[in-house]
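Asker: sequence first, predicted coordinates after that:
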Amino acid sequence: MRNEVVSTDITVIGGGLAGVCAAIAAARLGRTVSLVQNRPVLGGNSSSEVRVWVCGATAHGTHRYARETGIMGEMFVENQYRNMDGNPYFWDLVVMEKVRAEPNIRLFLNTDVHEVEADGDEADRTIRSVTGWMMGSERKIRFESDVFLDCSGDGLVGFLAGAKYRVGRESKAEYNEEWAPEVADDITLGSTLLFYTKDAGRPVQYIPPSFAKDITQTTIPMKRVIRSGDNGCAYWWIEWGGELDTVHDNELIRDELWAAIYGIWDYIKNSGKFDADNMTLEWVGSIPGKREYRRFVGDYVLNQNDIVAQREFEDRIAFGGWSIDLHPPQGMYSTESGSKHLHMDGIYHIPFRSLYSVNVNNLLMAGRDISASHVAFGTTRVMATCAVIGEAAGTGAALCAEKGITPRELHNIHLSELQQTMLKQDASIIGLRNEDAADLALRANVKASSTLTRLAVEMAVATHPLKSDIGLLLPADPDIDGIELLVDAADAATLTVELWNTGRGENYVPHTLQMVASTQVGKGEKQWVKLDLLWKPDTPQNAFLIIKADETFSLHLSNQPQTGVLTFLNGAKRAVSSDLENHQSSQPVIQWSMNPFVRKPLCFRLLSRTNAFSPERAVDGYARPYAGPHLWSSAALEGASSEWLELSWENQVNVRSVHITFNDDVNEDLINLHHHRTPFAIMPELIQNYTVEAYANGEWTAVAEGQNNHKRKRIHTLHAPVTTEKLRIVAYSTNGSQRAEIVEVRVYE
């Protein structure tokens with residue numbers, strides 16, 4: 001046995017996605033990091049050991065333009081490129097390589113931390129070290145740091161350090177939460193085991209083990225959805241243990257879940273109710289995927305009202321969008337729906353004060369153990385949201401270590417620096433603008449080879465009957481002054497369209513009616529029908545058009561997506577049974593679904609000129625859609641050998657690095673272990689081949705280039721500073737889009 005001491009600026013305990021993103025964020029900011037994980041692989045519940053989908057703010061496409069950027073976004077896009085079929089082992093590699101790419105991270109796998117040295121009184125404690133045992137290597141390792149992050153999920157480190165925490169459900173009165181119980185209790189969400197199946201191509205018998213449960217003697221066949229072809233997260237509802245202690249009863253919970261899985265498979269194979277003769281079990285999990293245990297108390301406890309109201313915290317540092325998703329205490333044996341969901345109208349915000357301990361002065365937390373009520377935790381717990389919280393906590397930890405201050409002091413004195421540092425790293429803080437004084441691009445004049453000013457989708461490939469209201473979202477920048485729709489009419493009738501605003505920049509549902517326009521349409525096919533919609537908002541924002549249902553009409557659809565334009569169907573039928581998922585159909589984001597029209601916009605012509613894609617949008621401070629697309633888009637690349645975006649300054653500047661953020665369409669719902677498969681490995685909107693050119697001595701010279709690009713953000717650090725008065729990004733090709741699009745450019749000395 002060996003005893004070791006490891007000293008780094010920061011120690012991160014827990015190698016799930018929260019811990020991974022925290023460690024990477026801190027390392028990229030120049031801090032040394034120990035990342036300590038008690039399993040042989042990284043990724044936590046998303047890893048090949050547990051295999052849970054990485055869900056986040058998109059909520060399986062419920063929310064618009066909601067996919068995470070930053071480190072989590074990098075992993076989503078990389079996994080899409082390398083792992084189109086959702087192989088869980090390839091996902092492990094994506095996560096592992098992201099960590100190994102950072103020289104400032106020391107990774108310790110198979111290392112279980114169960115000792116903490118901390119001192120101070122109850123109200124003001126400090127962690128001095130944590131100690132872990134590396135299984136299989138007989139190494140006892142003491143980790144010493146200035147700052148510690150508990151990303152362990154169960155919160156053992158914070159607990160041993162004396163951090164204040166909660167387990168279970170608060171009473172309704174404590175935070176005035178509608179979904180909380182009348183009386184507080186210690187009930188949590190349960191744990192789940194998953195399984196994979198495959199078709200063996202020949203009959204395969206199944207003899208259940210002696211401990212398999214006869215599920216016909218339970219409510220499972222009546223109240224849950226069982227299909228022979230389903231596997232993986234389709235069986236998320238195999239859940240149990242919410243009325244037990246999900247940590248101390250972990251082995252009991254695992255045994256019950258195993259009994260249920262082998263009993264469900266017995267039912268599928270041997271009941272005669274399924275076409276499953278050739279099916280066999282390929283994999284059964286052995287580590288319960290825990291949902292809930294300790295939640296630490298921070299300077300602020302996020303609650304249901306904050307989520308539903310989308311409260312815009314001054315110290316917001318991350319966002320979520322998954323519904324408040326709570327499950328019955330009895331799990332799979334409950335006669336209630338397997339889950340109930342409360343949706344907000346758009347994404348919500350998470351404050352930094354919920355990421356550090358109220359009483360341990362050098363402890364930050366990320367993942368499912370942040371400072372949130374049980375009800376609010378019902379949404380913050382999903383892994384992509386845990387990941388963006390992790391990036392925020394890791395960024396905060398790096399700044400604390402650099403400045404020698406506590407997280408509370410960072411919040412009180414250096415909040416803007418924290419937020420601006422995150423934005424520079426492409427972590428999204430919705431509605432917050434880049435105000436980095438060092439960014440030369442913010443004071444540049446910008447122009448382009450061409451700009452998309454005529455907003456239209458004209459190539460029709462299909463029709464959709466107007467049996468239900470259809471929505472069309474598009475930017476009103478600066479206004480809407482007439483629109484044409486491509487319509488088939490079975491008979492003469494009146495077509496009516498309403499124009500609504502969306503209320504908030506981060507929302508994509510109708511909020512307040514602005515005007516109504518109607519027109520008579522004669523019988524005929526493929527008619528461009530004009531609607532006199534006139535709206536000039538005080539500031540550029542999105543318009544939500546509702547084309548009112550009338551079965552006389554059919555609308556034409558295209559297969560050519562247009563950035564900034566989305567199409568919706570009112571009242572689209574959900575794909576899941578209400579016995580399994582209880583979604584409130586009256587909520588706007590449920591009423592208005594994109595699912596039938598993903599990358600299939602309505603054919604339309606906006607009759608007024610749009611400024612939504614002007615060159616200045618690439619330096620307006622926003623790096624994702626917010627009340628508009630916020631990017632530069634060229635006119636069509638067809639016929640042009642290249643398109644360029646140019647920044648110029650009145651006086652020469654010294655350029656050492658150029659940050660370019662390309663459009664990776666954050667509306668596209670990506671997931672690591674695919675429950676759906678996109679037809680492309682690389683986002684078509686991403687620019688593929690480009691150069692960065694500087695103007696000097698009367699000519700343009702290439703100073704950097706990108707070939708076969710499949711990433712959203714590229715940072716080009718030049719070999720030596722370049723003195724110039726003009727800089728260009730020249731795009732030669734995309735990965736499938738008709739236009740060159742750039743979200744943001746930053747330039748630094």
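Answerer: Yep, that arrived.
Asker: partners of the helix or strand bottoming out on mean pLDDT in the chain, with directions?
Answerer: Least confident helix or strand, the chain: strand 582-583 with a mean of 82, by mean pLDDT, DSSP states H and E. Note on strand 582-583: by DSSP bridges, its sheet partners are strand 340-342 (parallel).
Asker: which element follows the strand it pairs with toward the C-terminus?
Answerer: strand 348-351 (DSSP states H and E).
Asker: give me the distance from that following strand to the chain's centre.
Answerer: 13 Å (Cα atoms, centre = their mean, to the nearest Å).
Asker: and that strand, which strands flank it?
Answerer: By DSSP bridges, strand 348-351 pairs with strand 316-320 (antiparallel).
Asker: okay, now the sheet partners of the helix or strand that the partner strand is followed by, with direction.
Answerer: Of the helices and strands lying after strand 316-320 in sequence (DSSP H and E), the nearest is strand 324-326. In the sheet, strand 324-326 lines up against strand 340-342 (antiparallel) (DSSP bridges).
Asker: which other residues reach the strand it pairs with?
Answerer: 179, 304, 308, 323-327, 378, 581-584, 587 (Cβ atoms under 8 Å, 6 or more residues apart in numbering). In short, each C-beta sits where N, CA and C put it, glycine included.
Asker: buried set for it?
Answerer: Under the neighbour-count criterion of 16 or more other Cβ atoms under 10 Å, strand 340-342 has 340, 341, 342 buried.
Asker: so what's the residue count around the nearest residue to the second one once chain neighbours are set aside?
Answerer: If you skip the residues right next to it in sequence, residue 341 has residue 323 as its closest partner in space, 3.9 Å away by Cβ to Cβ, 6 or more residues apart in numbering. For residue 323, the number of neighbouring residues by other Cβ atoms under 10 Å comes to 26.
Asker: do you know how far residue 323 is from residue 307?
Answerer: 9 Å (Cβ to Cβ, to the nearest Å).
Asker: what do the two both touch?
Answerer: Going by Cβ under 8 Å, 6+ apart, residues that sit against residue 323 and also against residue 307 are 344, 379.
Asker: where does the stretch 551-700 of the chain dip in pLDDT?
Answerer: Scanning the stretch 551-700 of the chain for pLDDT under 70 picks out 574-579, 639.
Asker: turn the contacts of strand 340-342 into a markdown table, including distance to residue 645.
Answerer: Formatted as a markdown table, these follow (distance: Cβ to Cβ, whole Å):
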| residue | distance to residue 645 |
| --- | --- |
| 179 | 47 |
| 304 | 44 |
| 308 | 40 |
| 323 | 38 |
| 324 | 41 |
| 325 | 41 |
| 326 | 47 |
| 327 | 48 |
| 378 | 43 |
| 581 | 44 |
| 582 | 48 |
| 583 | 42 |
| 584 | 44 |
| 587 | 40 |
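Asker: out of the residues you listed, which are buried?
Answerer: 179, 304, 308, 323-327, 378, 581-583, 587.
Asker: nearest to residue 690, of those residues?
Answerer: Of all the buried ones among the contacts of strand 340-342, residue 690 sits closest to residue 323, with 39.0 Å by Cβ to Cβ.
Asker: got a list of what residue 494 touches?
Answerer: 518, 519, 520, 521, 550.
Asker: what is the mean pLDDT for stretch 89-109?
Answerer: Mean pLDDT, computed over stretch 89-109, is 98.
Asker: tell me the buried residues in that stretch?
Answerer: 90-96, 98-99, 102, 104-109.
Asker: got the CA positions of that stretch in PDB?
Answerer: Extracted C-alpha coordinates of stretch 89-109, given in PDB (Å, rounded to 0.1, in the frame of the first residue of the first chain):
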ATOM      1  CA  TYR A  89     -18.700   3.000 -25.300                       C
ATOM      2  CA  PHE A  90     -17.900   5.600 -27.900                       C
ATOM      3  CA  TRP A  91     -19.700   8.200 -25.700                       C
ATOM      4  CA  ASP A  92     -17.300   7.200 -22.900                       C
ATOM      5  CA  LEU A  93     -14.400   8.000 -25.300                       C
ATOM      6  CA  VAL A  94     -15.800  11.400 -26.200                       C
ATOM      7  CA  VAL A  95     -15.900  12.300 -22.500                       C
ATOM      8  CA  MET A  96     -12.600  10.800 -21.700                       C
ATOM      9  CA  GLU A  97     -10.800  12.500 -24.500                       C
ATOM     10  CA  LYS A  98     -12.300  15.800 -23.600                       C
ATOM     11  CA  VAL A  99     -10.700  15.500 -20.100                       C
ATOM     12  CA  ARG A 100      -7.300  14.100 -21.400                       C
ATOM     13  CA  ALA A 101      -7.000  17.000 -23.700                       C
ATOM     14  CA  GLU A 102      -6.400  19.300 -20.700                       C
ATOM     15  CA  PRO A 103      -2.800  19.200 -19.400                       C
ATOM     16  CA  ASN A 104      -3.800  20.900 -16.200                       C
ATOM     17  CA  ILE A 105      -6.100  18.000 -15.100                       C
ATOM     18  CA  ARG A 106      -4.800  15.100 -13.100                       C
ATOM     19  CA  LEU A 107      -7.300  12.300 -13.400                       C
ATOM     20  CA  PHE A 108      -7.800   9.700 -10.700                       C
ATOM     21  CA  LEU A 109     -10.300   6.900 -11.700                       C
END
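Asker: touching it from outside, list them.
Answerer: Defining contact as Cβ under 8 Å, 6+ apart, one finds that stretch 89-109 is touched by 6, 8, 15, 17, 20, 23-24, 26-28, 30-37, 39-43, 46-48, 71, 74-75, 78-79, 82-83, 132, 134, 141, 672-673.
Asker: settle this for me: residue 571 is touching residue 591, isn't it.
Answerer: Yes: Residue 571 is within contact range of residue 591, at 6.4 Å (criterion: Cβ atoms under 8 Å).
Asker: who has more neighbours, the two?
Answerer: Taking other Cβ under 10 Å, residue 571 and residue 591 do not tie; residue 591 has more neighbours (19 against 13).
Asker: and the pLDDT for the spatially closest residue to residue 334 that is not a sequence neighbour?
Answerer: The spatially closest residue to residue 334, leaving aside those adjacent along the chain, is residue 328, at 3.7 Å (Cβ to Cβ, 6+ apart). Predicted confidence (pLDDT) at residue 328: the value is 95.
Asker: partners of the longest strand along the chain in the sheet?
Answerer: Ordering each strand of the chain by length in residues (DSSP state E) puts strand 713-734 first. With DSSP bridges as the test, strand 713-734 is paired with strand 643-662 (antiparallel), strand 687-696 (antiparallel).
Asker: with distance to residue 253 as added columns, please give the ones you listed in CSV.
Answerer: Output for these, formatted as CSV (distance: least, Cβ to Cβ, whole Å):
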stretch, distance to residue 253
strand 643-662, 44
strand 687-696, 48
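Asker: could you dump the ones you listed to JSON lines with mean neighbour count?
Answerer: Formatted as JSON lines, the strands paired with strand 713-734 follow (neighbours: other Cβ atoms under 10 Å):
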{"stretch": "strand 643-662", "mean neighbour count": "19"}
{"stretch": "strand 687-696", "mean neighbour count": "20"}
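Asker: quick one on the thing from earlier: among the contacts of stretch 89-109, which ones are buried?
Answerer: 6, 8, 15, 17, 20, 23-24, 26-28, 31-37, 39, 41-43, 46-48, 71, 74-75, 78-79, 83, 132, 134, 141, 672-673.
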